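The following comprises the amino acid sequence and a computationally predicted model.
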Amino acid sequence: MRNNFRYSLLAIIILGFSLNSCSFLEIDDENMSTRDLAFINPGNVEAMCFNVYSYIPGSFSEIGGNSTLSNACDEADLNNRYSSVQDFNNGTWGIFSNPDDKFSTLYAGIRAANHFLEGSQNLDYAEYKDSDPVRYQFYTTRLKDYKTEVRFLRAFFYFELIKRYGGVPIITKVINLGDEVDLTRNTYGECFKFIASELNAILPNSRTIAETGFMGRVTKGTIYALKTRLYLYAASPLNNNGTYNLALCDSSARAFVALSKLGLYDLNIDYRGLFLNQTATNKEIIFDRRLPMDNFMESSNYPLGGAAQYAYNVGANATCPSQNLVDAYEMADGSKFDWNNPVHAATPFKNRDPRFGMSILSNGDTWNEKTVESFVDGIDGLGKNNATTTGYYLKKFVNEKLVLRDNRTASHVFHIFRYGEMMLCFAEAMNEVLGPDGKYADFTLSARDALNQIRNRTGVKMPAITGSNSKEEFREKVRNERRVELAFENHRFWDVRRWMIADVTENAPLRGMKITKNQDNSFSYAPNYLVEERVFKAPAMYRYPISNNEIVKYQNLKQTENW
């Protein structure tokens, strides 16, 4: 997160105990006395709060250690054929192997949260009340903040669980080693209501802004952001027999209204810079993970030719954008790209939505002072070791001109909640409630207004969507806008599932672009180049199964339906 976590030696020991417990749900009684000592020292209480943050999922290499979920849906292909992310694409994942199985990890985070909330329940710092009133006030205020943060994180972990597995067991107390554990799955609806009630309960006690030293920590904006996404996911067709739940859509839209009225967030930064800029004044960031300085994205994704002076070996884990995604980017005038249009087909990378050129490298682009040659037999072309498999390279998140042979590093940011996504959530929910142009009496934006603000953001400036649209027509426009605005940010994988279109999008062949350089130096384009056939087995794969290891461990823990 945007914070340098400070761990005392005792807190590190405590974290070690939690990781070595018999089960991710249990706390070893033999270590309880050491654990309880932590709550005596206010500094250790803070470190234990930070420990709960460490369980938040989200990075550029969390799937199989080298991939994101972009490579497990129709956005992209990972050129590493030995990565476990390929299990998603060939349909071999299941109860014995799931590259994104977060069940144990998220429950370990829930256990850490429960331990913090129980252990701090009777803390009052009374010993400072008379002897040092200033310190007393500081410690008690901070403790209230920590409890709010930890309750939010526990709710967030449950959201991450239910979007993967559906209903899961709700556990709100510490389970000690030797306790009888009855893990019975609650329904999705029960889990949703629990998460929503937790968020409503902590809102009054949450910080409005991130104070100095608390960047990257939970605030009111973070809570409203999760509410916006939580209600939209719950309202989506996957959870409502194939249709939208309008009451939940309304709740999602109103959560965004509350977020907007805080007056703290805006689309104030250019699109390219949003994914490289880590300044604390970036008003689009609501909650993110500031990753350690590294060069994973650059060493994985630099095109071969332009990297020659920067590294000896690059591209072993390249995220290669698909033609499926590229075709979703509109022309700069707002019209759809059309391969049957001879002008479009002759120069398919020109005059496109600016977000295309800020997210994806294509043939002819300049990168690291070299021209990208992704045509057949080009220096970056198909078939070369560690080269693209689709004819495209990833640009979003990737810093240019990083000297990798000297092991130079750069800062990277992984967005968990950003204002642009929240506006798209609002546009989707609001359209279902009041159509493209309906407005609440106390709010100035319609679904169309929100969508057009995204399209008009700095550095993008796409034409506004105007005219008369039905709810169904506008729904498709919102979905396409999410596809291009949020590309490679780990949303598409979940969107196609909650919309219940994955049986179409994820069973379609993943396509790339095969480019041939002609004798006159012009190019011929084959946009239906088959990268691979993909497999999605509906209805089972709309939810994750629980690992068989957990099913055999807890006799009352039922497997996910259809698995």
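Noted; the coordinates are in hand.

can we go C-alpha only for contacts and neighbour counts from here?
Noted.

my guess is residue 286 is in a strand, correct?
Yes: if the criterion is DSSP: H, G, I helix; E, B strand; the rest coil, then residue 286 is within a strand.

so what's residue 440 up against?
residue 446 (Cα atoms under 8 Å, 6 or more residues apart in numbering).

Check the gap between it and residue 454 for me.
Applying Cα to Cα, to the nearest Å, the value for residue 440 to residue 454 is 20 Å.

what's the answer for residue 156, then?
26 Å.

swap in residue 526?
32 Å.

Same drill for those two, tell me which one is more crowded.
residue 454 (22 against 14; other Cα atoms under 10 Å).

which ones are touching the more buried one?
267, 420, 423-424.

can you tell me the average pLDDT over the host helix or strand of it?
If you go by DSSP states H and E, residue 454 is part of helix 447-455. The average pLDDT within helix 447-455 is 98.

Show me what the following helix or strand past that helix packs onto, helices and strands only.
For helix 447-455, the following helix or strand on the C-terminal side (DSSP H and E) is helix 471-485. Packing contacts for helix 471-485, counted by 3 or more Cα pairs under 8 Å, 6 or more residues apart in numbering; DSSP states H and E, involve helix 354-359, helix 419-434.

Can you say which of these is nearest to residue 46?
Proximity to residue 46, assessed across the helices and strands packed on helix 471-485 by Cα to Cα, is greatest for helix 419-434 (28.3 Å).

So which residues make contact with that closest one?
Helix 419-434 has contacts (Cα under 8 Å, 6+ apart) with 225, 228-229, 232, 244, 246-247, 249-250, 252-253, 256, 265-267, 284-286, 436-438, 446-448, 450-451, 454, 471, 474-475, 478-479, 481-482, 486.

any idea of the angle that helix forms with helix 471-485?
Computed by axes from the mean of the first three to the mean of the last three Cα atoms, to 10 degrees, the angle separating helix 419-434 from helix 471-485 equals 170 degrees.

coming back round to it: could you dump the helices and strands packed on helix 471-485 into JSON lines with mean neighbour count, mean pLDDT and distance to residue 62 added?
Listed next are the helices and strands packed on helix 471-485 as JSON lines, based on neighbours: other Cα atoms under 10 Å; pLDDT from 0 to 100; distance: least, Cα to Cα, whole Å:
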{"stretch": "helix 354-359", "mean neighbour count": "20", "mean pLDDT": "98", "distance to residue 62": "20"}
{"stretch": "helix 419-434", "mean neighbour count": "25", "mean pLDDT": "98", "distance to residue 62": "21"}
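
can you list the domains in the chain?
Recorded structural domains for the chain (assignment: automatic domain parsing) are 16-54+102-205, 209-291+415-489, 292-413.

Of those domains, give the one that comes closest to residue 540.
Of all the domains of the chain, domain 16-54+102-205 comes closest under Cα to Cα, at 10.8 Å.

Kindly provide the whole-number mean pLDDT of the closest one.
87.

tell me how far whichever helix in the chain runs longest is from the chain's mean position?
Ranked by residue count under DSSP state H, the longest helix found in the chain is helix 133-165. Chain-centre distance of helix 133-165: 21 Å, with Cα atoms, centre = their mean, to the nearest Å.

Check stretch 259-269 too.
20 Å.

Grab the CA positions of it and hand them over as PDB.
C-alpha atoms of stretch 259-269 as PDB (Å, rounded to 0.1, in the frame of the first residue of the first chain):
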ATOM      1  CA  LEU A 259     -18.400   8.800  -2.900                       C
ATOM      2  CA  SER A 260     -18.600  11.700  -5.400                       C
ATOM      3  CA  LYS A 261     -20.000  14.100  -2.800                       C
ATOM      4  CA  LEU A 262     -16.900  13.700  -0.700                       C
ATOM      5  CA  GLY A 263     -15.300  16.000  -3.200                       C
ATOM      6  CA  LEU A 264     -12.000  14.300  -3.000                       C
ATOM      7  CA  TYR A 265     -11.700  12.400  -6.300                       C
ATOM      8  CA  ASP A 266     -11.400  13.400  -9.900                       C
ATOM      9  CA  LEU A 267     -10.200  12.300 -13.300                       C
ATOM     10  CA  ASN A 268      -7.300  14.800 -13.100                       C
ATOM     11  CA  ILE A 269      -4.400  13.000 -14.600                       C
END
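
average model confidence for that stretch?
In this model, stretch 259-269 has an average pLDDT of 92.

Check which residues of that stretch are buried.
259-260, 265-267, 269 (16 or more other Cα atoms under 10 Å).

Wait, residue 415 touches residue 289, no?
Yes: the pair residue 415 / residue 289 is scored as a contact, 6.3 Å apart, by Cα atoms under 8 Å.

so is the closest residue to residue 275 other than its chain neighbours in a helix, a strand, or just coil?
Sequence neighbours aside, residue 397 is the residue nearest to residue 275 in space, at 5.2 Å (criterion: Cα to Cα, 6 or more residues apart in numbering). State at residue 397, reduced to three classes by three-state DSSP: coil.

Can you name the residues that contact residue 397?
Shown in contact with residue 397 (Cα under 8 Å, 6+ apart): 275-276, 297, 412-413.

Looking at these, which is nearest residue 352?
Once Cα to Cα is applied, the member of the contacts of residue 397 that ends up nearest residue 352 is residue 275, at 20.0 Å.

Cross-check the contact I'm expecting between that closest one and residue 418.
No: with contact defined as Cα under 8 Å, residue 275 does not reach residue 418; the gap is 10.9 Å.

How much space separates residue 250 from residue 435?
12 Å.

go on, residue 206?
Distance, residue 206 to residue 435, using Cα to Cα: 33 Å.

Would you state the helices of the stretch 251-400 of the chain in chain order?
271-274, 296-301, 323-326, 342-346, 354-359 (DSSP state H, counting those that start in this stretch).

Which of the helices or strands spans the one residue sitting closest to the centre of the chain?
Residue closest to the average C-alpha location in the chain (Cα atoms, centre = their mean): residue 490, at 4.4 Å. Applying DSSP H and E as the criterion places residue 490 outside every helix and strand.
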